[in-house]
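# The sequence isn't on hand, but the structure is:
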């Protein structure tokens, strides 16, 4: 079994409050979950209104599938959501035998 994760450091667009931030993040989370088929959550910078950290994870039988899914999630955020700027990403890949 392979477990992979990716964390996105994101700069949000014209957002002036935490309420506006939620209205931007909620559709991002739903879109990533549905289209990339990953588990996703806001994992950092919850108290900042123009920044967020999103984390996505996937479990699969093969490491190549995990990498492909994480690549797809990254492409989806970068290419399909011009209202945000992905500043950086971090990844991890672990085997259940580690």
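Done, it's in. Just so it is clear, the structure is predicted and the values come from calculations on it, not from any experiment.
# Name the spans of this structure whose pLDDT lies under the cut-off.
Filtered on pLDDT under 70, the chain yields no residues whatsoever.
# Which stretches in the chain count as strands?
2-12, 39-44, 51-60, 84-95 (DSSP state E).
# Please state the offset of the first one from the chain centre?
By that I understand strand 2-12. 4 Å (Cα atoms, centre = their mean, to the nearest Å).
# what's it packed up against?
helix 18-36, strand 51-60, helix 63-80, strand 84-95 (3 or more Cβ pairs under 8 Å, 6 or more residues apart in numbering; DSSP states H and E). (Each C-beta comes from the backbone N, C-alpha and C, glycine too.)
# picking that back up, format the strands of the chain as TSV; extra columns: mean neighbour count and distance to residue 75.
Below are the strands of the chain laid out as TSV (neighbours: other Cβ atoms under 10 Å; distance: least, Cβ to Cβ, whole Å):
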stretch	mean neighbour count	distance to residue 75
strand 2-12	19	11
strand 39-44	15	15
strand 51-60	19	12
strand 84-95	13	10
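# who wins for proximity to residue 31 among the ones you listed?
strand 39-44 (9.2 Å; Cβ to Cβ).
# In a markdown table: the helices and strands packed on strand 2-12, plus distance to residue 44.
Formatted as a markdown table, these follow (distance: least, Cβ to Cβ, whole Å):
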| stretch | distance to residue 44 |
| --- | --- |
| helix 18-36 | 12 |
| strand 51-60 | 3 |
| helix 63-80 | 15 |
| strand 84-95 | 11 |
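# Give me the distance between the closest residue to residue 35 other than its chain neighbours and residue 32.
Nearest residue to residue 35, sequence neighbours excluded (Cβ to Cβ, 6 or more residues apart in numbering): residue 76, at 5.8 Å. Residue 76 is 6 Å from residue 32, where distance means Cβ to Cβ, to the nearest Å.
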